[in-house]
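# Provided below for reference: sequence and predicted model.
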Amino acid sequence: MANSLNSHFFVVVFILSLLAFSSNAQLSPTFYAKTCPNVQTIVSSAMRQAVAKEARIGASILRLFFHDCFVNGCDGSILLDDTATFTGEKNAGPNRNSARGFEVIDTIKTNVEASCNATVSCADILALATRDGIVLLGGPSWTVPLGRRDARTASQSAANNQIPGPSSDLSTLISMFASKGLTASDLTVLSGAHTIGQAQCQFFRTRIYNETNIDTNFAATRKTTCPATGGNTNLAPLETLTPTRFDNNYYADLVNRRGLLHSDQVLFNGGSQDSLVRSYSGNSAAFSKDFAAAMVKLGNISPLTGSSGEIRRNCRVVN
Ligand code: HEM
């Protein structure tokens, strides 16, 4: 009797510990402590130069990370170039003529390889560069769990189907995030990434011409550079006041019906996320803290670890 109680106890403890660790596999912040102790310094110094040259690059790298993690996990798959025999994710709908920052990742990879040959994955470089870009633009910092390995394949169809589009409604966004293990609150706080960066006219035209839950002056201003026809690639800031500063102004925009994308404004349109949006709009510390935690969660989506995948030598091609 005592024995069977004991063994039940151990089974329960074992299952609980599996559950506790399953969400972040074997990632660890000290993964490269012995094998590439300077990796964080190398990445941050390259990011400092890149952001000094063009502030928007911090936003572009952040978006690359999101689009990497949402397609078969954070495995560097978005970084692979198409070849005659290989179709990757770069030319999927959400990325083509839109995803940018690949050259910066190449530069960082070259610098990291020069110090620690064949050791640090492209997926981890992207995770670190993303954090550093946000810090350089005035946003929160966090410790990045490391040890991801790089995919040997990519999936254009998964990129087409699993990355949400700008005309998505709230229920679609919530279910697309849920399918990656992220909650509605994670959706709302991660969308705060749109406090930095730019969007093309073709992605917000319908909103500024046809929607009614929009500030009239804001719509008029946006129409000056986003005509009803033509000008598809003309850019506008996703957040107007401080588009190169990582702050909580995105949420003030939403409260004032100045969300640029349809998928932004649905977070504050009489639905389940209104109260969280309102609270972030008045509490930048809460936004920073929750954003950092949600980025770690985003970065934990299905990493390749152990002997799966590989450490790519060149982020654009499989070894
Ligand atoms: C919730 C669903 C989301 C949708 C529908 C969406 C959609 C978009 C679209 C359409 C653009 C403009 C692309 C272009 O014009 O070329 C954009 C830009 C951007 N997105 Fe999102 N996004 C979402 C969530 C996120 C998340 C979760 C992050 C990061 C955590 C993120 C980070 C960014 C950044 C930083 C930019 C600016 C990129 C740049 O300036 O190069 N987005 N997004």
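Received, thanks. Only a predicted model underlies this, so the values are computations on that prediction, with no experimental measurement involved.
# just give me the neighbour total for Gln26.
Gln26 sits with 12 neighbouring residues when counted by other CB atoms under 10 Å. Bear in mind the C-beta positions are built from the backbone N, C-alpha and C, glycine included.
# helix/strand/coil for it?
coil (DSSP: H, G, I helix; E, B strand; the rest coil).
# show me the contacts for it.
147, 305-306 (CB atoms under 8 Å, 6 or more residues apart in numbering).
# so what's Asn95 up against?
67, 78, 89, 159.
# neighbour-wise, which one of the residues you listed leads?
Neighbour-wise, these (other CB under 10 Å) top out at Ile78, 33 neighbours.
# can I assume that residue sits in a helix?
Yes. Using three-state DSSP, the assignment for Ile78 is a helix.
# pLDDT score assigned to the residue of the chain found nearest the ligand?
With CB to the nearest ligand atom, the shortest gap between the chain and the ligand falls at Gly197, namely 2.4 Å. Note on Gly197: pLDDT of 98.
# not counting its neighbours along the chain, what's nearest it?
Spatial nearest neighbour of Gly197, excluding adjacent residues (CB to CB, 6 or more residues apart in numbering): Ala59 at 3.0 Å.
# and for the residue of the chain closest to the ligand, the neighbour number?
Counted by other CB under 10 Å, the residues lying close to Gly197 total 22.
# identify the residues contacting it.
Counted by CB under 8 Å, 6+ apart, Gly197 has contacts 56, 59-60, 62-63, 237-238, 243.
# closest to Cys116 among those?
Using CB to CB, Leu62 comes nearest to Cys116 of these, at 24.5 Å.
# secondary structure element for that closest one?
Assigned by DSSP states H and E, Leu62 falls within helix 56-69.
# please identify the buried residues of that helix?
Buried residues in helix 56-69, counted by 16 or more other CB atoms under 10 Å: 56-69.
# check these against the ligand, which are close?
56, 59-60, 62-63, 66 (CB under 6 Å from any ligand atom).
# which one of these is nearest to Thr221?
Looking across those and measuring by CB to CB, the closest to Thr221 is Arg56, at 19.6 Å.
# now the contacts of Asn95 in JSON lines, with pLDDT and distance to Asp290?
Shown next, in JSON lines, are the contacts of Asn95 (pLDDT from 0 to 100; distance: CB to CB, whole Å):
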{"residue": "His67", "pLDDT": "98", "distance to Asp290": "21"}
{"residue": "Ile78", "pLDDT": "98", "distance to Asp290": "25"}
{"residue": "Glu89", "pLDDT": "98", "distance to Asp290": "28"}
{"residue": "Ala159", "pLDDT": "97", "distance to Asp290": "27"}
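# rewinding a little: roughly how far does the residue nearest to Gly197 sit from Ser275?
As judged by CB to CB, to the nearest Å, Ala59 and Ser275 stand 27 Å apart.
# in contact with the most centrally placed residue in the chain, which residues?
Taking CA atoms, centre = their mean as the criterion, Phe66 is the residue nearest the geometric centre of the chain, at 2.5 Å. When contacts are counted by CB under 8 Å, 6+ apart, Phe66 touches 190, 193, 298.
# possible to save these as JSON lines with pLDDT, secondary structure and neighbour count?
Converted to JSON lines, the contacts of Phe66 look like this (pLDDT from 0 to 100; DSSP: H, G, I helix; E, B strand; the rest coil; neighbours: other CB atoms under 10 Å):
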{"residue": "Leu190", "pLDDT": "98", "secondary structure": "helix", "neighbour count": "19"}
{"residue": "Ala193", "pLDDT": "98", "secondary structure": "helix", "neighbour count": "24"}
{"residue": "Leu298", "pLDDT": "98", "secondary structure": "helix", "neighbour count": "23"}
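# in this structure Phe70 contacts Ser179, no?
No. Counting by CB atoms under 8 Å, Phe70 stays clear of Ser179, with 9.3 Å between them.
# any common contacting residues for those two?
Common neighbours of Phe70 and Ser179 (CB under 8 Å, 6+ apart) are Gln162.
# who's more crowded, these two?
Phe70 (23 against 10).
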